[in-house]
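J.: For reference, the sequence and a predicted model appear below.
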Amino acid sequence: MADDLSTPLTGRKRKPGTRPHIPVARILFAILALIGIGFGLRILLTDDPNGGRPSQEVAITSTRGQNNVANDVSTGPVTITADPQQYPAGSEPSDAAEPHGTTAVAGLPDAYGALPDLSEETSDGPIPRIAATGLTPFAAYASPAAASEGPRIAVIVTGLGINEQGSLDAIDTLPAPVTLAFAPYGKTLANTVSAARIAGHEVMLEIPLEPFDYPQNDPGPQTLLTGETPRANLDKLFWLMSRFGGYTGVINNMGARFTSSAADFSPIMEELGARGLGYIDDGSSNRSLAPQLASGNKVPFSNADLVIDANPSRQAILAALASLETKALENGQAIGIVSALPISMAAINEWSRDLEGKGVSLVPASALMK
């Protein structure tokens, strides 16, 4: 019997009782190939943009020409009636938009409240400058004062702008000739300053200056400091000046040390003069060099005579206001400083009602600045 290992495979007969071999893999491959070929032929031979997806045609009712307002606009001029409360009768929009106290300058105030010709762009934002015509911010933004030959009093409210509602309440309570000074740190300064100017108030900017006990007594961020380079202090000044616009000048917040240092204070006063701004000294330091430096740099200037609410009680405030009247009668004018406390605002409002009957005029601070 031949050895099975040496027997050729070809032509070998299947042994009885064994099952035939079926090539399943080849059959599946052939079926898939036929499906693929059929799918390709359908794509090539059938022009159906929907790819065989079910679809149904639905009639669409056209709305073209149904909008009467649109038709009127497209076919001819349309008259639009504005809200009668938006602009007073007989006035132009430019009259209503321009804040009180500004003089005729080309253009309208921007979001900061500054007129374009009186504004210089910096990396911190717009800051005041003298216009090409020679018009200064001090002259442009000053509120007009009633003509009077008798004694005159200016009252400056400080610390506004940080508390929005408190600032708006003060604006609504106080008579228009009261000058309002805004701190440079409020989040809604553009709104509150704009409301103040629309109500007829003259506005000023408070700048923080170094006191003798700094930093234990800190007037706020960007405080101008003695011993720093003039460039560093001027950079701080530009940041402070860019917080809002439309102010006639600045008033110090603290600063007994800074205002007594000629080397540090001189560049600041020189810059104020070059930009056409005024300066009010709050009168808290008798060592301040502000009068001499303001005169040398042609900066409109005045000293405050009295802090009205050093004692924040109604009777004490009214007594201080009576003292302010006496100073005005003696010197022809007087300036009082007051904080934005509700009790102070109410007392000033009450006091101002009888002032005209005493022969004394309440005027904006710019009217008393030389």
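T.: Structure received.

J.: and stretch 211-228, how far apart are its ends?
T.: Distance across stretch 211-228, first residue to last, is 14 Å (C-alpha to C-alpha, to the nearest Å).

J.: next one: phi and psi at the nearest residue to D124 once chain neighbours are set aside?
T.: Once flanking residues are discounted, D124 sits nearest to S242: 4.2 Å by C-beta to C-beta, 6 or more residues apart in numbering. To be clear about C-beta, it is placed using only N, CA and C from the backbone, and glycine gets the same treatment. Per-residue torsions, S242: phi -90, psi 0 (degrees, to the nearest 10).

J.: Contact partners for S242?
T.: 112, 122, 124-127 (C-beta atoms under 8 Å, 6 or more residues apart in numbering).

J.: Now with 6 Å, please.
T.: S242 makes contacts with 124-125, 127, as judged by C-beta atoms under 6 Å, 6 or more residues apart in numbering.

J.: Show me which of those is closest to P208.
T.: Comparing the contacts of S242 against P208 with C-beta to C-beta picks out D124 as the nearest, at 15.7 Å.

J.: correct me, but that closest one touches L240?
T.: No. Counting by C-beta atoms under 6 Å, D124 stays clear of L240, with 8.9 Å between them.

J.: Looking only at neighbour counts, state which of these two leads.
T.: Using other C-beta atoms under 10 Å as the criterion, D124 and L240 rank with L240 on top: 23 against 14.

J.: neighbouring contacts of the longest strand seen in the chain?
T.: In terms of residue count, the longest strand belonging to the chain (DSSP state E) is strand 152-160. With C-beta under 6 Å, 6+ apart as the test, strand 152-160 has contacts from 167, 178-183, 324, 328, 333-340, 360-363, 365, 368.

J.: After that strand, heading C-terminal, what element do we hit next?
T.: Later in the chain than strand 152-160, the nearest helix or strand by DSSP states H and E is helix 164-173.

J.: Show me what counts as buried in that next one.
T.: By 16 or more other C-beta atoms under 10 Å, the buried positions in helix 164-173 come out as 164, 166-168, 170-171.

J.: which helices and strands does it pack with?
T.: Contact here means 3 or more C-beta pairs under 6 Å, 6 or more residues apart in numbering; DSSP states H and E; on that basis helix 164-173 packs against helix 189-198, helix 342-352.

J.: any idea of the mean pLDDT for the last one?
T.: With pLDDT averaged residue by residue, helix 342-352 scores 96.

J.: A146 in helix, strand or coil?
T.: Three-state call for A146 (DSSP: H, G, I helix; E, B strand; the rest coil): coil.

J.: circling back to that earlier point, adding pLDDT and distance to E210, write the buried residues of helix 164-173 out as CSV.
T.: Below are the buried residues of helix 164-173 laid out as CSV (pLDDT from 0 to 100; distance: C-beta to C-beta, whole Å):
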residue, pLDDT, distance to E210
E164, 95, 28
G166, 94, 27
S167, 96, 26
L168, 96, 31
A170, 96, 28
I171, 96, 30
